[in-house]
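**Q** Got a predicted model here, sequence first, then my questions.
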Amino acid sequence: MNGTPRGANRILLALFGLVFLAVGALLIAVAAFPAAARWWQGWAKPAAESLADLAHSTALPGQGGSWLWIAVAVAMVLLVIAMITWVANQGKGRASTLVSTAGDAQDDGAAGRVAIGAAVAEQALKTALAERSDLVGSWVTTYELRGQPAVKVRVLPRQGVAPHTVAADVAALVQALDEVLGFQTPVLISIGAGARSRFTKAERVR
């Protein structure tokens with residue numbers, strides 16, 4: 001529901017995973033196999049000499065330093081900017097207003113406007129779900145979906161709790177909220193499962 005670039009994230013994760021996998025396999029091979037170690041030594045020494053020659057040939061006029069290091073520094077700065085931009089694009093699409101309607105003109109001639117914040121629905125649903133002992137956790141967020149605010153309710157039932165029962169109860173809470181607010185909001189109910197739900201025991205009061 002949000003604006004997170006999931007496709008780009010998956011591609012980047014796959015590329016980084018392949019690179020780290022290749023580096024890890026190379027390190028293991030160099031440490032475990034003498035032939036791979038000899039190959040690495042035979043390749044690394046000429047590569048280091050070539051890099052030194054390249055740095056010497058690209059030295060700045062009148063200075064001992066190479067302009068390659070300046071290019072590397074600029075590339076690192078651009079990489080940091082790209083990473084900051086990538087992080088800033090994660091989780092976009094959050095909405096702060098659940099509904100906004102224009103009211104009729106009042107007696108004084110001024111038009112009215114009614115706006116209900118997304119926190120109203122989020123806090124109401126969170127409070128109702130927090131009282132349930134059959135849930136390990138619950139999260140309620142509001143996103144922009146096709147230009148319209150929509151509420152996403154994610155719950156994590158305990159092990160052994162029927163998902164359809166939880167879904168029906170959450171749907172009833174959403175319906176009650178719609179009746180209180182006086183309008184119907186699109187809602188996505190997500191039921192998850194994981195190690196937390198398997199190993200967390202319900203608290204009992206005696």
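**A** In hand now; what should we look at?

**Q** Now do the SS call for Ala75.
**A** helix (DSSP: H, G, I helix; E, B strand; the rest coil).

**Q** repeat for the one 4 residues further on
**A** With three-state DSSP as the basis, the three-state label of Leu79 is helix.

**Q** which ones are touching it?
**A** Going by CB atoms under 8 Å, 6 or more residues apart in numbering, Leu79 touches no other residue. C-beta coordinates here come from the backbone N, C-alpha and C atoms, glycine included.

**Q** Pull up the gap between it and Gln148, please.
**A** Leu79 is 37 Å from Gln148, where distance means CB to CB, to the nearest Å.

**Q** Check Leu13 too.
**A** Leu13 is 31 Å from Gln148, by CB to CB.

**Q** again, but for Pro46
**A** For Pro46 relative to Gln148 (CB to CB), the value is 62 Å.

**Q** Show residues contacting stretch 186-196.
**A** 1, 136-137, 145, 148-157, 163, 166-167, 170-171, 174.

**Q** Inside helices: which ones of those residues?
**A** The helices, defined by DSSP state H, take in Pro163, Val166, Ala167, Val170, Ala171, Val174 from the contacts of stretch 186-196.

**Q** most neighbours, which of the residues you listed?
**A** Tallying neighbours with other CB atoms under 10 Å puts Val170 at the head of those, with 24 neighbours.

**Q** after the longest helix along the chain comes which helix or strand?
**A** If you go by DSSP H, the chain has its longest helix at helix 6-32. Following helix 6-32 in sequence order, the next helix or strand is helix 34-57 (DSSP states H and E).
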